[in-house]
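Q: Sequence and predicted structure below; questions after.
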Amino acid sequence: MNDSRSMMILFTQVFIFAIFAMSYDLLLGFTGIVSFGHAMFFGIGAYAVGIFMKQFEPTLPYFLLAVVITILITAIVSYVVGLLTLRLKSHFYAMLTLAFASLFLVLAEKWRTLTHGNDGFTFRTPEIFRDRLDFYLICLVSMIVVFLLLNRFTNSPLGKVLQAIRENEQRTESLGYSVIQYKIIASVVSGVLAGFAGILYSVSLRFVNTSVFTMDITLDALLMTIIGGVGTLIGAIIGAGLIEFAHHWLTELAKVHWIFERWIIFFGIIYILVVMFFPRGIVGTVRNIKLKSKKRVTDKSEQQKAAG
């Protein structure tokens, strides 16, 4: 019974981080933007719902109000940050986003009357989220809905422009597109979805502290995206599953032998092996193999026609 419960909790975490990884993939995989401060939006979502549920009655209307406020805050912050930083070259942008995320981390640490600093705080949630099975299904449906919406978004004309920016920004600009505006749109959509993932994460724990703003959260999203396959969406889901299960298995192995207490080393080895054998990520490599085999079959059929 405990095993099935722990697996349900683990899968719930996979669904939540899959949403977060897909939001990051929209930036990295479809627009070519590298951000080191994506945890900023994740943390805003986590704190927004936590503060609302602590200050007010833990009812569904207040929760929905927290969701709306999170969407507004993350949209405004991502718009302002994008406006200030997206004109810079990629590495400067990446460092500035890290600086903004650090600013929110310091704010969460120092504003103790509201956030309780590093200690964090617990809060109650609406009745519907207290049953683990119900919450598991809510997270699963949320992940599927986000995937379908992002799939539609990336295949729309706007999404095609974002991919053109990723491939060649100068050429896209020369065609008359306002590159900065399209980048800001991608940044806002990505930020809002990351905030939504943060909401689900804090509700799953019923606790929030400053760890939601740390660089580790952004690095997890980066690893999930790269391992699964950059610019594939489904790869972000696979990557989230692999990372979360690797975390779980390696920490469990620490109980078996002391050497596994340094599980982060083994995690690093797994990551290196995946990058070596799947340079385009798991989904990207599989697609590449399929394309090569399809091309081989086409070439063979053409040769046979020419010979006939």
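A: Sure, I can see it. Residues are numbered from 1 along each chain as shown.
Q: Report all helices and strands that the helix or strand harbouring residue 78 contacts.
A: Assessed by DSSP states H and E, residue 78 sits inside helix 60-85. Using 3 or more Cβ pairs under 8 Å, 6 or more residues apart in numbering; DSSP states H and E, the elements in contact with helix 60-85 are helix 39-55, helix 90-110, helix 179-205. Heads up, the C-betas are built off the backbone N, CA and C, glycines and all.
Q: pLDDT score assigned to the nearest residue to residue 146 once chain neighbours are set aside?
A: Leaving aside its chain neighbours, residue 146 sits nearest to residue 19 (5.0 Å; criterion: Cβ to Cβ, 6 or more residues apart in numbering). Looking at residue 19, its pLDDT is 95.
Q: Next up, the contacts around residue 19.
A: Neighbouring residues of residue 19 by Cβ atoms under 8 Å, 6 or more residues apart in numbering: 142, 143, 146, 193, 196, 197, 200.
Q: Which one of those sits in the busiest neighbourhood?
A: Neighbour counts for the contacts of residue 19 (other Cβ atoms under 10 Å) peak at residue 197, which has 29 neighbours.
Q: any low-confidence regions in the protein?
A: For the chain, residues meeting the criterion pLDDT under 70 lie at 1-3, 89-90, 253-264, 266-267, 299, 306-308.
Q: Any chance of JSON lines for the helices and strands packed on helix 60-85, columns distance to residue 134?
A: Listed next are these as JSON lines, based on distance: least, Cβ to Cβ, whole Å:
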{"stretch": "helix 39-55", "distance to residue 134": "17"}
{"stretch": "helix 90-110", "distance to residue 134": "29"}
{"stretch": "helix 179-205", "distance to residue 134": "12"}
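Q: Tell me which of the ones you listed sits most buried.
A: Highest mean neighbour count of those: helix 39-55, a mean of 26 (counted as mean count of other Cβ atoms under 10 Å).
Q: Can you name every helix or strand that that helix contacts?
A: Using 3+ Cβ pairs under 8 Å, 6+ apart: helix 39-55 touches helix 60-85, helix 90-110, helix 112-115, helix 179-205, strand 207-208, helix 215-228.
Q: Now do stretch 14-34: distance to the chain's middle.
A: 4 Å (Cα atoms, centre = their mean, to the nearest Å).
Q: And the nearest residue to residue 38 once chain neighbours are set aside, how close does it get to residue 172?
A: Of all residues not flanking residue 38 in the chain, residue 218 sits nearest, at 4.7 Å (Cβ to Cβ, 6+ apart). Per Cβ to Cβ, to the nearest Å, residue 218 is found 26 Å from residue 172.
Q: and the two? which has more neighbours close in?
A: residue 218 (24 against 19).
Q: Test my guess that residue 50 contacts residue 209.
A: No: using Cβ atoms under 8 Å, residue 50 is not in contact with residue 209; the gap is 9.2 Å.
Q: List the buried residues in the helix holding residue 78.
A: Under the neighbour-count criterion of 16 or more other Cβ atoms under 10 Å, helix 60-85 has 62-63, 66-67, 69-71, 73-75, 77-78, 81-82, 85 buried.
Q: go on, stretch 165-172?
A: Buried residues in stretch 165-172, counting neighbours by 16+ other Cβ under 10 Å, are found at 165, 166, 169, 172.
Q: residues in contact with it?
A: When contacts are defined by Cβ under 8 Å, 6+ apart, stretch 165-172 is touched by residues 29, 30, 31, 32, 161, 164, 177, 179, 182, 183, 231.
Q: The fifth one is in what secondary structure piece?
A: The reference is to residue 161. Secondary structure (DSSP H and E) places residue 161 in helix 157-167.
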